[in-house]
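Engineer: Got a sequence here, can you build the structure:
(2 chains)
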Amino acid sequence: AQSVTQLGSHVSVSEGALVLLRCNYSSSVPPYLFWYVQYPNQGLQLLLKYTTGATLVKGINGFEAEFKKSETSFHLTKPSAHMSDAAEYFCAVRVNNNDMRFGAGTRLTVKP
Amino acid sequence: DAGVTQSPTHLIKTRGQQVTLRCSPKSGHDTVSWYQQALGQGPQFIFQYYEEEERQRGNFPDRFSGHQFPNYSSELNVNALLLGDSALYLCASSLGTGDGYTFGSGTRLTVV
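Structural biologist: As a prediction, the model looks like this:
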């Protein structure tokens, strides 16, 4: 069965600094990988997804993630943090036509 | 193009009662998945409906049941409510394999 581990429940960066949110997955078959963002009292919004093809995936709001099969990782990055990036971020994995499984989430705080 | 619509947005129930939550998927989507998100945690998969049948189920008791209608909308029913059922219930719709889910804003259920 597939699963996701997000390293670090809370990440704090200064405005303008690099954002790095870590995600490792477990899957016996090639996975589809996703990053979602959740603002307070809202649902989840898709940031980006990897299905097949190019391993570096660009998403909305300047975020990108790289699928590294050898490391079973799908870390999320953004070169320069903005105050509006403060939110909860969830990594998720989906295999074949099965349901999507989420990590526990990482809360991103951006300091002025 | 309307996204995923959930109703009601907030609900307060008494322990032992029953509750029904509703979801209308994004136009063109045929699969509906339900998730429970407790405070400070990632979404936990409850079940998924496709072609009016429960296709997959997570680790939730039989008190949790659902239904999908011919127009692809769905209901989540929870019987004999417990205090621990208090959470944000998210509905997500999708089409096909490998696609990301589109989430609704959720229903906040409080059991007192």
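
Engineer: Point out the residues in chain A that sit beside chain B.
Structural biologist: Residues of chain A lying near chain B by Cβ under 8 Å from any Cβ of the partner chain: A:32, A:34, A:36, A:41-46, A:49, A:51-52, A:90, A:94, A:96-105. Where C-beta positions appear, they are placed from N, C-alpha and C, glycine not excepted.

Engineer: Near the nearest residue to A:A86 once chain neighbours are set aside, how many other residues are there?
Structural biologist: Distances taken as Cβ to Cβ, 6 or more residues apart in numbering or on different chains put A:V110 closest to A:A86, at 4.7 Å, once the chain neighbours are dropped. A:V110 has 19 neighbours, counted by other Cβ atoms under 10 Å in any protein chain shown.

Engineer: tell me the contacts of A:V110?
Structural biologist: Going by Cβ atoms under 8 Å, 6 or more residues apart in numbering or on different chains, A:V110 touches A:12-15, A:81-83, A:85-86.

Engineer: From these, list the buried ones, please.
Structural biologist: A:13, A:81, A:85-86 (16 or more other Cβ atoms under 10 Å in any protein chain shown).

Engineer: Considering the residues you listed, which is situated nearest to chain B?
Structural biologist: A:A86 (15.9 Å; Cβ to the nearest Cβ).

Engineer: Distance of the closest one relative to A:V11?
Structural biologist: 10 Å (Cβ to Cβ, to the nearest Å).

Engineer: Between the two, which contacts overlap?
Structural biologist: Common neighbours of A:A86 and A:V11, counting by Cβ under 8 Å, 6+ apart, are A:108-109.

Engineer: which residue is nearest the middle of the chain?
Structural biologist: I went with chain A, as the question did not name one. A:W35 (3.6 Å; Cα atoms, centre = their mean).

Engineer: Oops, wrong one, chain B.
Structural biologist: Mean-position check on chain B, Cα atoms, centre = their mean. Result B:W34 at 3.3 Å.

Engineer: Hmm, it is touching B:N77, no?
Structural biologist: No - with contact defined as Cβ atoms under 8 Å, B:W34 does not count as touching B:N77 (10.4 Å).

Engineer: Now the common contact residues for those two.
Structural biologist: Residues touching both B:W34 and B:N77 by Cβ under 8 Å, 6+ apart: B:G66.

Engineer: Near chain A, which residues of chain B are found?
Structural biologist: Within reach of chain A by Cβ under 8 Å from any Cβ, chain B has these residues: B:4, B:33, B:35, B:41-45, B:48, B:56, B:58, B:90, B:92, B:97-98, B:100-106, B:108.

Engineer: Apply 7 Å and report the result again.
Structural biologist: By Cβ under 7 Å from any Cβ of the partner chain, the residues of chain B that approach chain A are B:33, B:41-43, B:45, B:48, B:56, B:90, B:97-98, B:100-101, B:103-106.

Engineer: Return the subset of these lying in helices.
Structural biologist: Of these, none are assigned to helices by DSSP state H.

Engineer: on that earlier part again, state the mean pLDDT of the helix or strand containing the residue nearest to A:A86.
Structural biologist: Element membership of A:V110, judged by DSSP states H and E, is strand A:106-111. Mean pLDDT, computed over strand A:106-111, is 97.

Engineer: quick check, distance from it to the centre of its chain.
Structural biologist: Distance of strand A:106-111 from its chain centroid, counting by Cα atoms, centre = their mean, to the nearest Å, is 13 Å.

Engineer: Partner strands of that strand and their direction?
Structural biologist: Here strand A:106-111 is paired, per DSSP bridges, with strand A:10-14 (parallel), strand A:87-94 (antiparallel).
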